[in-house]
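K.L.:
take this sequence and fold it.
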Amino acid sequence: MILHKVLYSLALGAYTSAIRVAALVNPKAALFTSGRKDIISKLKLAFANEKRQTIWMHCASLGEFEQGRPVLEALRARYPHLAVLVTFFSPSGYEVRKDYTGADYVFYLPVDTAGNAKDFIDTVRPALCIFVKYDLWYHYLSALHHRKIPALLISAIFQQRQGFFKWYGGLQRAMLSFFTHIFVQDTASKGLLAAIRITRVSVSGDTRFDRVIAATEQRHAGLPIAEKFCSSHRILVAGSTWKEDEQLLHKVLPQLPATWRIVLVPHEIDDSHLEQIERLFPGDIIRWSRAADTGNDDNKRILLVDRVGILSALYSYADVAWIGGGFGKEGVHNVLEAAVYGIPCLYGPIFHQFIEAGELIACGGAFAIQNADDLVNSLKEMEDKHRYERHATAAKDYVYSKQGATQVVTGYVHDSILKDGKGFSA
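P.N.:
Below you'll find the model as predicted:
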């Protein structure tokens, strides 16, 4: 284990050094570095007068935050006397949610050294820590464990190929042993953990189902630009697209009936990427940011969304959803944000690392698409009213059948950690 710790520290040091070098030319790396400058001092200043007990939730990025959010908000609603801290590893999470009003404090997580972990926990004094899905850090978890601070891992999912289950995964297994309890998405994950003697485990399901359901049931202000563009047309909302997705849509658009329009929401909205998309669809595209000034131009068939944070709401305007990422090595993005609205979902063939993407196909709420012909045929088939309604109902029913993970986690907190509703036991 000593050797593993040394190798871990060396690898982490090499990673942070590489990020500092990359920060000279890469904006995301620059945010990673600048956001952590004097971070412990900033934390000490922020918590100097904090007398409440604190719930700390850590997330890798934005997706994990949305996954953990229903648990955090349920705990805050039930125990409003507690303070809430959210930390992020990635700028893509922190920069979007740094003003999240459901937390008292939002920070980058300081790099995982023994010194930083000690200073962080001395400063924050968490009464409960929640890690979401993954992004585990040895020194933080070790410090929590040795101070007997309850630590939960929620919405976790495990596969045999992961380091936890390899001969070299001793340090990773140690991190799992530090958790007070682990909530996993499926029974296969629980079985894998049992094989390495991690037994404080419950199958809760995935809190993302609760999150997307809650999001649709909240009242949203209308989006006038989307309403005007989508009016009287069949709409394909293409969410979180990458270049491969956009190339596919470029091939498909000329083959679709004129009644179809596309709302295109790229995963990256830097100017160079937006300009590449505009060159793909000359004469057919209008940017969201310019639509208000031009009256949407009724001849345009593609609305290019250069604004963040509205994808979930845009799915409510869709007849069919295209979910991006299914042609890249990381796989398809969040399919639940669309399926919850009761719309059929289409995506590329790389989805097997996501249980819900496969299950959604199995129940008839989604289809894996291999090429442009597949996509054209699928969209034309959706013009059959009875077929469309069958697939749409399957998508919505699937999502609603999976809700409840949040209640499992918060029930455990109340029954096994909380004492008399006023604080947390160590």
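
K.L.:
what packs against the biggest helix by length in the chain?
P.N.:
When the chain is parsed with DSSP state H, its longest helix is helix 2-22. Counting contacts by 3 or more CB pairs under 8 Å, 6 or more residues apart in numbering; DSSP states H and E, helix 2-22 is packed against helix 27-34, helix 170-177. C-beta here means a position set from N, CA and C on the backbone, and glycine is covered the same way.

K.L.:
again, only using 10 Å
P.N.:
helix 27-34, helix 138-146, helix 170-177 (3 or more CB pairs under 10 Å, 6 or more residues apart in numbering; DSSP states H and E).

K.L.:
mean confidence score for stretch 132-145?
P.N.:
Stretch 132-145 shows a mean pLDDT of 96 in the predicted model.

K.L.:
list the contacts of the residue nearest the centre of the chain.
P.N.:
Note on the chain: the residue nearest the mean C-alpha position is Gly63, at 1.2 Å, using CA atoms, centre = their mean. Going by CB atoms under 10 Å, 6 or more residues apart in numbering, Gly63 touches Ser90, Ser92, Gly93, Val132, Lys133, Arg208, His333, Asn334.

K.L.:
again, only this time at 8 Å
P.N.:
By CB atoms under 8 Å, 6 or more residues apart in numbering, the residues touching Gly63 are Gly93, Asn334.

K.L.:
quick check, it in a strand?
P.N.:
No: assigned with DSSP: H, G, I helix; E, B strand; the rest coil, Gly63 falls outside any strand and is helix.

K.L.:
my guess is Val263 contacts Ile225, does it?
P.N.:
No: using CB atoms under 8 Å, Val263 makes no contact with Ile225, being 9.8 Å away.

K.L.:
give me the mean pLDDT for the longest helix of the chain.
P.N.:
Helix 2-22 carries an average pLDDT of 86.

K.L.:
coming back round to it: and the helices and strands packed on helix 2-22 as a markdown table, adding distance to Trp288 and mean neighbour count?
P.N.:
Formatted as a markdown table, the helices and strands packed on helix 2-22 follow (distance: least, CB to CB, whole Å; neighbours: other CB atoms under 10 Å):
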| stretch | distance to Trp288 | mean neighbour count |
| --- | --- | --- |
| helix 27-34 | 22 | 16 |
| helix 138-146 | 40 | 20 |
| helix 170-177 | 42 | 17 |
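
K.L.:
got TSV for the ones you listed, with distance to Asp99 too?
P.N.:
Putting the helices and strands packed on helix 2-22 into TSV (distance: least, CB to CB, whole Å) gives the following:
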stretch	distance to Asp99
helix 27-34	15
helix 138-146	24
helix 170-177	31
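
K.L.:
nearest to Asp104, of those?
P.N.:
helix 138-146 (19.7 Å; CB to CB).

K.L.:
give the residue spans of the stretch 251-400 of the chain that score low on pLDDT.
P.N.:
292-298 (pLDDT under 70).

K.L.:
could you pull out the helices for it?
P.N.:
Per DSSP state H, counting those that start in this stretch, the stretch 251-400 of the chain has helices spanning 271-280, 288-294, 311-315, 336-339, 355-362, 372-381, 385-401. These are given in chain order.

K.L.:
from the contact counts, what lies against the first one?
P.N.:
Using 3+ CB pairs under 8 Å, 6+ apart as the contact criterion, the neighbours of helix 271-280 among helices and strands are helix 243-252, strand 260-266, strand 285-287, strand 302-304.

K.L.:
for the first one, packing partners?
P.N.:
Here helix 243-252 is seen to pack against strand 234-241, strand 260-266, helix 271-280, helix 372-381 when contacts are counted using 3+ CB pairs under 8 Å, 6+ apart.

K.L.:
next one: the shortest one to chain centre, how far?
P.N.:
Relative to its chain's centre, strand 260-266 lies at 21 Å (CA atoms, centre = their mean, to the nearest Å).

K.L.:
can you give the contact residues for that strand?
P.N.:
Outside strand 260-266, the residues within contact range by CB under 8 Å, 6+ apart are 226, 229-230, 233-242, 246, 249, 253, 273-274, 277, 285, 301-305, 311, 314, 317-318, 324, 379.

K.L.:
just checking: what are the partner strands of that strand?
P.N.:
The strands beside strand 260-266 in its sheet (DSSP bridges) come out as strand 234-241 (parallel), strand 302-304 (parallel).

K.L.:
thinking again about what came up before, which of the residues in the longest helix of the chain are buried?
P.N.:
For helix 2-22, a neighbour-count test (16 or more other CB atoms under 10 Å) marks His4, Lys5, Tyr8, Leu12, Ile19 as buried.

K.L.:
cool, stretch 299-309 as well?
P.N.:
Buried residues in stretch 299-309 (16+ other CB under 10 Å): Lys300, Arg301, Ile302, Leu303, Leu304, Val305, Asp306.

K.L.:
list the residues that contact the second one.
P.N.:
It refers to Arg301. Leu253, Trp260, Arg261, Ile262, Phe281, Asp284, Ile285.

K.L.:
switch to 7 Å and redo it
P.N.:
By CB atoms under 7 Å, 6 or more residues apart in numbering, Arg301 lies in contact with Leu253, Arg261, Ile262, Asp284.

K.L.:
ok, so of the residues you listed, who is nearest His139?
P.N.:
Ile262 (47.0 Å).

K.L.:
what is the neighbour count of that closest one?
P.N.:
25 (other CB atoms under 10 Å).

K.L.:
please begin residue numbering at 7 from this point
P.N.:
In the new numbering, first residue 7, that becomes Ile268.
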